[in-house]
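Asker: based on what follows, work out the 3D shape:
(one chain, ligands or ions: 1)
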Amino acid sequence: MTRIVHRTLNKRYPVAVGGEGVWIVDADGRRYIDASGGAAVSCLGHGHPDINAAMHAQIDKLAYAHTSFFTTEVAEELAETLAADAPDGIGHVYFVSGGSEAVEAALKMARQYFVEIGQPQRKHFIARRQSYHGNTLGALAVGGNAWRRRQFAPLLIDVEHVSPPYAYRDMQMGESPADYGQRLVAELSDTIARLGGENVIAFVAETVGGATSGALVPPVGYLKGVRELCDRHGILLILDEVMCGMGRTGTLHACEQEGVAPDLMTVAKGLGGGYQPIGAVLASGRIVDAFARGTGFFQHGHTYLGHAVACAAALAVQQVIRRDRLLDRVRVQGRALTERLVARFGQHPHVGDIRGRGLFQAIELVSDRASKQVFDPALKLHAKIKQAAMDLGLMCYPMGGTIDGRLGDHVLLAPPFIVSDDELDMIVERLGEAVDASIAGRPV
Ligand code: PLP
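Answerer: Coordinates of the predicted model:
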């Protein structure tokens, strides 16, 4: 009997004992191909010798020094590296230990900014339905997933939620992607008008929707429209790239492909590639300057901010990505993954949509392609697919169709950037078998 409170109780998890490249090995010697990077985390795969060496070297020097006493060379170098490649103007870095912490910090930075500049009346956040921003209370409040929020609702700050970009279901017949994007911007504009633009702190969005929406790509021009709208009302734009960022979509930051720079951006997962828990908020100069001119500090903090070994791991991950030109590889292998998904699932009677960018892609499952009807949530198809995939030695990231009652079960794929063509073949073949067996109700 395990003493660990696992996410799902009363379930036996295989014991992971090793990993190399895109593979994880369990205590029985079974090998699993990691097609989801855990949860879009392991961008370099497992057991990378350069990352291990960097962590060892840092441990031999210094593992930890509290940030209220010291900074460290390795944290400074990582911040310089991130700032050098940050979108326009957001070259200040606040380190945390993961994605939810990054979102919490970004929300508080945004609020404190307006207090510092004498606009304390701003107290509203606007975010999107079907989004996921983490599980701490602030992050859960901006998250737009009704099922996750439900039992904690009385504890959550008030957040307005608008429609996500979800072309598969919401783009109308005859509507162009650009017009659809502008319709979404108009909805946001109406919400801002209702709240009063002078009362809104920030709009929070995943640049490419991830865990609870399945690689939702924004329609062309949408984020530019959002940026303009925010600027018109002095509202901050917070882009959450915890999942889609740090190279996963083929550029270091997903927002580069939209030609948009936010005021605050959250990153985590791929930042440290799973070698250490680490996240960060990238903040614009005007926000940090306002703190410096005002109270002189950001009223926040955690014990493990800028942990030296975590920074060493993240720095090494970022150096390998640049040295090995892995962003180019993400784009090439991303196309190779799309081709394989289209070949296997393009005509599949229960796959309604194949979408995503780079090595961040998903299939959405429907009981009927023509009507786009979702499978009965009671079937828990996503859970069956996850189990079938594990039985086949495949790690993928299926999510349920219960989300706000309209998103079909979907499977997210986010393999390490080093994935080969043969491994992509294997991933798609095993996924196809897991999906077909789960729908047919037969064992794999
Ligand atoms: N934001 C996004 C977009 C995420 O996908 C996640 C996790 O999946 C989080 C925030 C929360 O990150 P963490 O699980 O590290 O707290």
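Asker: residue 420 and residue 335: what is the separation?
Answerer: 14 Å (CB to CB, to the nearest Å). C-beta here means a position set from N, CA and C on the backbone, and glycine is covered the same way.
Asker: same check, this time on residue 229
Answerer: Distance of residue 229 to residue 335, given as CB to CB: 33 Å.
Asker: looking at those two, which is more packed in?
Answerer: Each of residue 229 and residue 335 had its neighbours counted (other CB atoms under 10 Å), and the higher figure belongs to residue 229 (18 against 12).
Asker: in which helix or strand would I find the more buried one?
Answerer: Using DSSP states H and E, the secondary-structure element containing residue 229 is helix 222-233.
Asker: did I read that right, residue 93 in a helix?
Answerer: No - judged by DSSP: H, G, I helix; E, B strand; the rest coil, residue 93 forms no part of a helix; its state is strand.
Asker: contact partners for it?
Answerer: Listed by CB atoms under 8 Å, 6 or more residues apart in numbering, the contact partners of residue 93 are 78-79, 82-83, 280-283.
Asker: list just the nearest of these to residue 7.
Answerer: Nearest to residue 7, judged by CB to CB, of these is residue 280 at 25.1 Å.
Asker: and residue 22, backbone torsions?
Answerer: Taking degrees, to the nearest 10, you get phi -90, psi 10 for the backbone angles of residue 22.
Asker: can you pull out the helices in the chain?
Answerer: Listed from the start of the chain, the chain has helices (DSSP state H) covering 37-40, 49-61, 73-84, 99-116, 137-142, 146-149, 167-170, 177-195, 222-233, 285-293, 308-323, 326-345, 381-391, 421-440.
Asker: burial count for residue 312?
Answerer: Residue 312: 31 neighbours (other CB under 10 Å).
Asker: quick one, what contacts the closest residue to it other than its chain neighbours?
Answerer: Counting by CB to CB, 6 or more residues apart in numbering, the nearest residue to residue 312 once its immediate chain neighbours are dropped is residue 58, at 3.5 Å. By CB under 8 Å, 6+ apart, the contact list for residue 58 reads 74, 308-309, 311-312.
Asker: which bits of the stretch 101-250 of the chain sit near the ligand?
Answerer: When proximity is defined as CB under 6 Å from any ligand atom, the stretch 101-250 of the chain approaches the ligand at 103, 132-134, 206, 210-211, 240, 242-243.
Asker: let's see it at 5 Å
Answerer: 133-134, 206, 210-211, 240, 242-243 (CB under 5 Å from any ligand atom).
Asker: now these in a markdown table, with pLDDT and neighbour count?
Answerer: Formatted as a markdown table, those follow (pLDDT from 0 to 100; neighbours: other CB atoms under 10 Å):
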| residue | pLDDT | neighbour count |
| --- | --- | --- |
| 133 | 97 | 34 |
| 134 | 97 | 23 |
| 206 | 98 | 29 |
| 210 | 92 | 30 |
| 211 | 88 | 22 |
| 240 | 98 | 31 |
| 242 | 98 | 32 |
| 243 | 98 | 32 |
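Asker: would CSV of those residues with distance to residue 394 be doable?
Answerer: Output for these, formatted as CSV (distance: CB to CB, whole Å):
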residue, distance to residue 394
133, 28
134, 26
206, 25
210, 19
211, 18
240, 27
242, 24
243, 20
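Asker: among these, name the ones in strands.
Answerer: The strands, defined by DSSP state E, take in 206, 240 from those.
Asker: would you agree residue 353 is in contact with residue 166?
Answerer: No - at 9.6 Å, residue 353 and residue 166 do not qualify as touching, with contact defined as CB atoms under 8 Å.
Asker: where does the prediction get shaky in the chain?
Answerer: 1, 401-405 (pLDDT under 70).
Asker: what residue spans form the domains of it?
Answerer: The chain resolves into domains spanning 16-47+325-440, 52-323 when parsed by automatic domain parsing.
Asker: residue 3: which of those is closest?
Answerer: Using CB to CB as the measure, domain 16-47+325-440 is the one of those that comes nearest residue 3, at 17.3 Å.
Asker: ok so, going back, now which of the contacts of residue 93 would you call buried?
Answerer: 78-79, 82, 280-283 (16 or more other CB atoms under 10 Å).
Asker: which residues are in contact with residue 291?
Answerer: Contact partners of residue 291, counting by CB under 8 Å, 6+ apart, are 112-113, 116, 297-298.
Asker: tell me the two of the residues you listed that are most distant?
Answerer: By the measure CB to CB, the contacts of residue 291 have their two most distant members at 113 and 297, which lie 13.0 Å apart.
Asker: who's more crowded, the two?
Answerer: Summary of the neighbour comparison: residue 113 and residue 297, criterion other CB under 10 Å, with residue 113 having more neighbours (26 against 10).
Asker: next one: that one from the ligand, what distance?
Answerer: Here the criterion is CB to the nearest ligand atom, to the nearest Å. By it, residue 113 lies 20 Å from the ligand.
Asker: same thing with residue 48?
Answerer: Distance, residue 48 to the ligand, by CB to the nearest ligand atom: 20 Å.
Asker: can you count the residues close to that residue?
Answerer: Here the number of neighbours of residue 48 (other CB under 10 Å) works out to 23.
Asker: check the chain for the residue nearest the ligand and tell me.
Answerer: Nearest to the ligand, among the residues of the chain, is residue 99, at 2.1 Å (CB to the nearest ligand atom).
Asker: what's the burial count for the closest residue to residue 88 other than its chain neighbours?
Answerer: When the adjacent residues along the chain are set aside, residue 88 lies closest to residue 261, with 4.2 Å between them (CB to CB, 6+ apart). Counted with other CB under 10 Å, the neighbours of residue 261 add up to 19.
Asker: burial of the closest residue to residue 158 other than its chain neighbours, as a residue count?
Answerer: The shortest distance from residue 158 to any residue other than its chain neighbours is 7.3 Å, reached at residue 124 (CB to CB, 6+ apart). Residue neighbour count, defined by other CB under 10 Å, stands at 21 for residue 124.
Asker: thought residue 200 was touching residue 124, still the case?
Answerer: Yes - Residue 124 is within contact range of residue 200, at 4.7 Å (criterion: CB under 8 Å).
Asker: one step back: separation between the residue nearest to residue 88 and residue 177?
Answerer: 22 Å.
Asker: and for residue 23?
Answerer: In this structure, residue 23 lies at 38 Å from residue 177, with CB to CB as the measure.
Asker: what do you get for residue 27?
Answerer: Applying CB to CB to residue 27 and residue 177 gives a distance of 48 Å.
Asker: neighbour count for these two, which is higher?
Answerer: The neighbour count for residue 27 versus residue 177, taken as other CB under 10 Å, is higher for residue 177 (16 against 10).
Asker: great, nothing more from me.
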